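Asker: For reference, the sequence and a predicted model appear below.
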Amino acid sequence: MRVTNYLGAVAARQIFMLGANLRQIRTSPVSERSQKRQNHLRNLFWICYTLDKDIALRTGQPPVIVDENCDLTMPEGYTERAFSDPEKDDNPSAEPIFPFDLRLSMIKSRTQSHLYSVSAMQKSDADLLKSIRELDDELEEWRLSVPPQWRPTMSFSQETSDPNMSMHSVMLRVNYYLCMSVIHQASSRCKAWMQGSGMMDGVSSSLALSVEASRSTLCYLGAAEHVLVEGVFWTLIFYPMSALLTIFCSILQNPLDPRSRDDLDHLKMATVMMARIFSRNLPETEVEHLKLVADFVTELKRLAECAIDKAWREQSASSHVAS
């Protein structure tokens, strides 16, 4: 992680030195070569920006690129071309497809800043829940702006269909569900709830959305298994692991919840699913990593099952004593 942060800092410094963080406002005609150079620099900036915000959200570390030091005006015509499918688009002059939707990357940036930065950790319960609501509104506004054929559903289950499944739609969906999960998971920091003052309705519903987004991640990856390209281990592994940990924590928090057994099944199926997805033509050097992941998920499943069984035994014993 230190190496990643260091390389990110070096790349960001170079981007800023080249002025790529700013959009050049043309006051006079420029040569075609100068225009191509500026467009290329801006594309490099957006690639660094999206990766930086994603890494910050994954690791919990501060981003290297600060929004206040950048012009975040999107490329001209971006929203019209943002959802062209690189697997089907044979137009070589099409707008480059960035690692993530730029607007979603901006939401990731504000999520880290408003919910997980040092200053955000000091927010009162009311301010924290306000930030969560505002970010949730932004995320929903983004979702509704996505063309219907690509638009992620708020929840995905085995009964849900997606006729446009491709690696493009997979990355779109898992990043949407990740943002939903991370935004609402922050509600668990509410001091009133942490101090045992009871589960407030706002916190309860927010945490439920986080868990549902995690369930949707696993269900969608399982349904999209046939479109996943080979060699996606390091690209995708974070998403199911983040979802599994959220579901695991939910089981520990509410082992008697009616859906806990179903969530336990999600943990069981995830082990098989990930082995099937990620083991295809996996290089020998990566096999050990996959084995570590499988062992970890198996242990999560065992601990979750123990928590559920223990909670039911205690409830049964209490009921027996009361009668």
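Answerer: Great, that's in hand.

Asker: Tyr78 contacts Leu102, correct?
Answerer: Yes: assessed by C-beta atoms under 8 Å, Tyr78 is found in contact with Leu102 at 6.6 Å. All C-beta atoms are positioned from the backbone trio N, CA, C, and that covers glycine.

Asker: Which one's more surrounded, those two?
Answerer: Of the pair Tyr78 and Leu102, Leu102 is the one with more neighbours under other C-beta atoms under 10 Å, namely 18 against 15.

Asker: Return the residues in contact with the more buried one.
Answerer: 46, 49-50, 74, 78, 82 (C-beta atoms under 8 Å, 6 or more residues apart in numbering).

Asker: Present the residues you listed as a markdown table; the columns should include secondary structure.
Answerer: Rendered in a markdown table, the data for the contacts of Leu102 read as follows (DSSP: H, G, I helix; E, B strand; the rest coil):
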| residue | secondary structure |
| --- | --- |
| Trp46 | helix |
| Tyr49 | helix |
| Thr50 | helix |
| Met74 | coil |
| Tyr78 | helix |
| Ala82 | coil |
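
Asker: Pull the most distant pair out of those residues.
Answerer: Of all pairs drawn from the contacts of Leu102, the one with the largest separation by C-beta to C-beta is Tyr49 and Ala82; the distance is 14.8 Å.

Asker: Look at the two and report which has more neighbours.
Answerer: Neighbour comparison, Tyr49 and Ala82: the larger count goes to Tyr49, with 27 against 21 (by other C-beta under 10 Å).

Asker: Run the chain-centre distance for the helix or strand harbouring Ser319.
Answerer: Here Ser319 sits within helix 284-322, counting by DSSP states H and E. In terms of C-alpha atoms, centre = their mean, to the nearest Å, the centre of helix 284-322 is found 24 Å from the chain centre.

Asker: What residues of that helix count as buried?
Answerer: When burial is assessed from 16 or more other C-beta atoms under 10 Å, helix 284-322 yields the following buried residues: 290, 293-294, 297, 300-301, 304-305, 307-308, 311.

Asker: cool, stretch 54-63 as well?
Answerer: Residues of stretch 54-63 classed as buried under the neighbour-count rule (16+ other C-beta under 10 Å) are 54-58, 61, 63.

Asker: so of these, which ones are in strands?
Answerer: Counting by DSSP state E, no part of these is found in strands.

Asker: from those, which single one is nearest Met273?
Answerer: When these are compared for distance to Met273 (C-beta to C-beta), Arg58 comes out closest, at 20.7 Å.

Asker: Hmm, the closest one is touching Ile237, no?
Answerer: No: between Arg58 and Ile237 no contact is recorded; they are 10.9 Å apart, counting by C-beta under 8 Å.

Asker: which sections of the protein are below the confidence cut-off?
Answerer: Regions of the chain meeting the criterion pLDDT under 70 cover residues 1-10, 25-29, 84-97, 193-201, 281, 320-323.

Asker: show me what contacts the residue nearest to Gly60 when sequence neighbours are not counted?
Answerer: Excluding the flanking residues, the one nearest Gly60 by C-beta to C-beta, 6 or more residues apart in numbering is Tyr116, at 6.5 Å. Each residue near Tyr116 by C-beta under 8 Å, 6+ apart is listed here: 57, 60, 186.

Asker: Please render the residues you listed as TSV that adds distance to Phe233 to the earlier fields.
Answerer: Written out in TSV, the entries for the contacts of Tyr116 read as follows (distance: C-beta to C-beta, whole Å):
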residue	distance to Phe233
Leu57	20
Gly60	22
Ala186	28
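
Asker: Just give me the closest of these to Leu22.
Answerer: Compare each of these with Leu22 using C-beta to C-beta and the shortest gap goes to Leu57, at 24.4 Å.

Asker: what about the closest one, distance to Asn175?
Answerer: 10 Å (C-beta to C-beta, to the nearest Å).

Asker: Now do Leu135 against Phe100, distance only.
Answerer: Applying C-beta to C-beta, one obtains 16 Å for the distance of Leu135 from Phe100.
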